[in-house]
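K.L.:
Sequence and predicted structure are below.
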Amino acid sequence: MKLSPYFHDLRLAYQSELDDLLSDSEGKDVLRRRLADKRGEIAFLAKMIELAPEMVAPVFHGAFRFAQPAAVQHLLALPQEAVPGWQDLAHAVALEPWAQSLAQTVLREPQGARFMTVAAVLEYLHLHARMAPDAHVPDEPQEDAAEHDDDYNALSADDAVEAQSDHDREEAGSEWLAEAGFDRKD
């Protein structure tokens, strides 16, 4: 199974969002409360489905039952523009009863049907995380990858992105603390 670059990146962002919701500053598990809060804000969050789907998708965490997993697996390799609408996936994925009204709110948005499919795929990847980490479709052909085997000690592109992401996250955290009135730690 291969992941398209779109779902590879979105999966990482979705997992980060869930991780952020998981615990408070004291390390207490607050996921249920935070998910309930997000679900209560669905009308506002639905406006963000195109801009930041990874921030809205947690509203549907635990909302999908995958009756036909093969139908979802087929979608994993698709680029963003080829992701079908919810109506093409609804036969293979059922929504929990508690999520029906949330889905109706999202489906009223112009890109709501496609977002519902994206949310289902992200939840599927979250539930089947063992499949996803090494499943990314490589950006370079396999024959070119062999030329770089002698560089095994060098940082990969993923390592560089992760390091940059960590730096960006730390910088954003410092900026937020400074705006809140705290001294910068530099």
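P.N.:
Arrived safely.

K.L.:
where in the chain is pLDDT low?
P.N.:
The chain contains residues with pLDDT under 70 at 1, 130-169, 172-174, 176-186.

K.L.:
how about the helices in it?
P.N.:
Ranges of helices in the chain, per DSSP state H, are 5-22, 31-40, 42-45, 53-56, 69-75, 100-107, 112-127, 142-146, 157-179.

K.L.:
Can you lay out those helices as JSON lines showing distance to Val93 and mean neighbour count?
P.N.:
Where you see a C-beta, it was placed from the backbone N, CA and C, and this is true even at glycine. As requested, the helices of the chain are exported to JSON lines (distance: least, Cβ to Cβ, whole Å; neighbours: other Cβ atoms under 10 Å):
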{"stretch": "helix 5-22", "distance to Val93": "15", "mean neighbour count": "18"}
{"stretch": "helix 31-40", "distance to Val93": "19", "mean neighbour count": "15"}
{"stretch": "helix 42-45", "distance to Val93": "19", "mean neighbour count": "14"}
{"stretch": "helix 53-56", "distance to Val93": "16", "mean neighbour count": "20"}
{"stretch": "helix 69-75", "distance to Val93": "7", "mean neighbour count": "15"}
{"stretch": "helix 100-107", "distance to Val93": "11", "mean neighbour count": "16"}
{"stretch": "helix 112-127", "distance to Val93": "5", "mean neighbour count": "22"}
{"stretch": "helix 142-146", "distance to Val93": "32", "mean neighbour count": "9"}
{"stretch": "helix 157-179", "distance to Val93": "29", "mean neighbour count": "11"}
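
K.L.:
Ala90 is nearest to which of those?
P.N.:
Ranking the helices of the chain by proximity to Ala90 (Cβ to Cβ) places helix 112-127 first, at 8.3 Å.

K.L.:
Output the closest one as PDB - backbone C-alpha positions only.
P.N.:
Extracted C-alpha coordinates of helix 112-127, given in PDB (Å, rounded to 0.1, in the frame of the first residue of the first chain):
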ATOM      1  CA  GLY A 112     -17.800  19.300   2.500                       C
ATOM      2  CA  ALA A 113     -18.300  16.100   0.600                       C
ATOM      3  CA  ARG A 114     -14.600  15.800  -0.300                       C
ATOM      4  CA  PHE A 115     -13.700  16.700   3.300                       C
ATOM      5  CA  MET A 116     -15.800  13.900   4.700                       C
ATOM      6  CA  THR A 117     -13.800  11.500   2.600                       C
ATOM      7  CA  VAL A 118     -10.500  13.000   3.700                       C
ATOM      8  CA  ALA A 119     -11.600  12.800   7.300                       C
ATOM      9  CA  ALA A 120     -12.500   9.100   6.900                       C
ATOM     10  CA  VAL A 121      -9.100   8.400   5.300                       C
ATOM     11  CA  LEU A 122      -7.300  10.200   8.100                       C
ATOM     12  CA  GLU A 123      -9.100   8.300  10.700                       C
ATOM     13  CA  TYR A 124      -8.500   5.000   8.800                       C
ATOM     14  CA  LEU A 125      -4.800   5.800   8.700                       C
ATOM     15  CA  HIS A 126      -4.800   6.700  12.400                       C
ATOM     16  CA  LEU A 127      -6.500   3.300  13.200                       C
END
